[in-house]
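Undergrad: sequence first, predicted model second:
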Amino acid sequence: KPFFLVVARLVESAGIELAIEALAKVAQSASLVVVGDGPCRTKLEELAVTHGVDVQFRGALYCEEDLCSLFMNCVAVVSPGKSGLLAMHALAYGAAIVTHRDADRQMPEFEAIQEGLTGVFFEFGNVNELAAVLKDFLDNPVTTVGLEARRRAAITTIEGRYTPQRQVELIEEALRCLN
């Protein structure tokens, strides 16, 4: 069964309820795997039952081998709240990221997502638009060629802008410009 992946602390600001509500509008042909724990877990479990959505709560996972399998096999990573380091983690595996486009409510790392190639944006808080994006992923599965293109673009983005060495180079370049 295809699944979307959420990796987050289970708190209000993560917006996970939006992912559950959106998936309820899409179809029962997909599930949601939620990695993380937090004070909203019980509420989210109840919401999933209320909406009849197949949500698998995995709790906190720190084993990269387990996370790798989830990132590599999900339809897309869904981040209805802030996409910070999760964007980097997903991109490192070439997983598509679905998040909102409101830059003022995002973390800086969301700038690494390339619309239509490594991810898709929706209007902040808009469950219908998020549902449409999820449905599109299910209706138009990525081909092997498309998947490889996305993975190459994601890795190129990480290596070109976000490695520690590249960050040092960018800082040194900025400092040289100040002189």
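TA: Received it, and whenever you're ready, just let me know what you need. All figures in this text were calculated on a predicted structure; none of them were measured in a lab.

Undergrad: show me where this structure has its strands.
TA: 3-7, 31-35, 55-59, 76-79, 97-100, 119-122 (DSSP state E).

Undergrad: what mean pLDDT does stretch 49-69 get?
TA: The predicted model gives stretch 49-69 an average pLDDT of 96.

Undergrad: sort out which residues of that stretch are buried, please.
TA: Within stretch 49-69, the residues scored as buried using 16 or more other Cβ atoms under 10 Å are Val53, Val55, Phe57, Arg58, Leu67. Every residue, glycine included, has its C-beta placed from N, CA and C.

Undergrad: out of everything not next to it in sequence, what's closest to the second one?
TA: Put plainly, it is Val55. Ala48 (3.9 Å; Cβ to Cβ, 6 or more residues apart in numbering).

Undergrad: now do the last one
TA: Using Cβ to Cβ, 6+ apart and skipping residues adjacent in sequence, the residue nearest Leu67 is Leu61, 5.8 Å away.

Undergrad: what residues are up against that neighbour?
TA: For Leu61, the contact set (Cβ atoms under 8 Å, 6 or more residues apart in numbering) comprises Val35, Leu67, Leu70.

Undergrad: just put the strands of the chain in a markdown table and tack on distance to His89.
TA: Output for the strands of the chain, formatted as a markdown table (distance: least, Cβ to Cβ, whole Å):
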| stretch | distance to His89 |
| --- | --- |
| strand 3-7 | 7 |
| strand 31-35 | 11 |
| strand 55-59 | 15 |
| strand 76-79 | 8 |
| strand 97-100 | 10 |
| strand 119-122 | 13 |
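
Undergrad: ok now the helix-or-strand element of the chain with minimal mean pLDDT, how far from the chain's centre?
TA: Taking mean pLDDT, DSSP states H and E as the measure, the chain has helix 144-157 as its least confident helix or strand, at a mean of 86. Helix 144-157 has its C-alpha centroid displaced from the chain centroid by 16 Å (Cα atoms, centre = their mean, to the nearest Å).

Undergrad: ok, so of the buried residues of stretch 49-69, who is nearest Glu123?
TA: Nearest to Glu123 among those is Val53, at 21.1 Å by Cβ to Cβ.

Undergrad: if I look at that closest one, how far off is Phe122?
TA: Distance of Val53 to Phe122, computed by Cβ to Cβ, to the nearest Å: 18 Å.

Undergrad: identify the bridge partners of the residue positioned nearest the centre of the chain.
TA: In the chain, the residue lying closest to the centroid (Cα atoms, centre = their mean) is Val77, at 3.3 Å. Here Val77 sits in beta bridges with Leu5, Ile97, going by DSSP bridges.

Undergrad: okay but it is in contact with Leu5, surely?
TA: Yes: at 4.9 Å, Val77 counts as touching Leu5 under the criterion of Cβ atoms under 8 Å.
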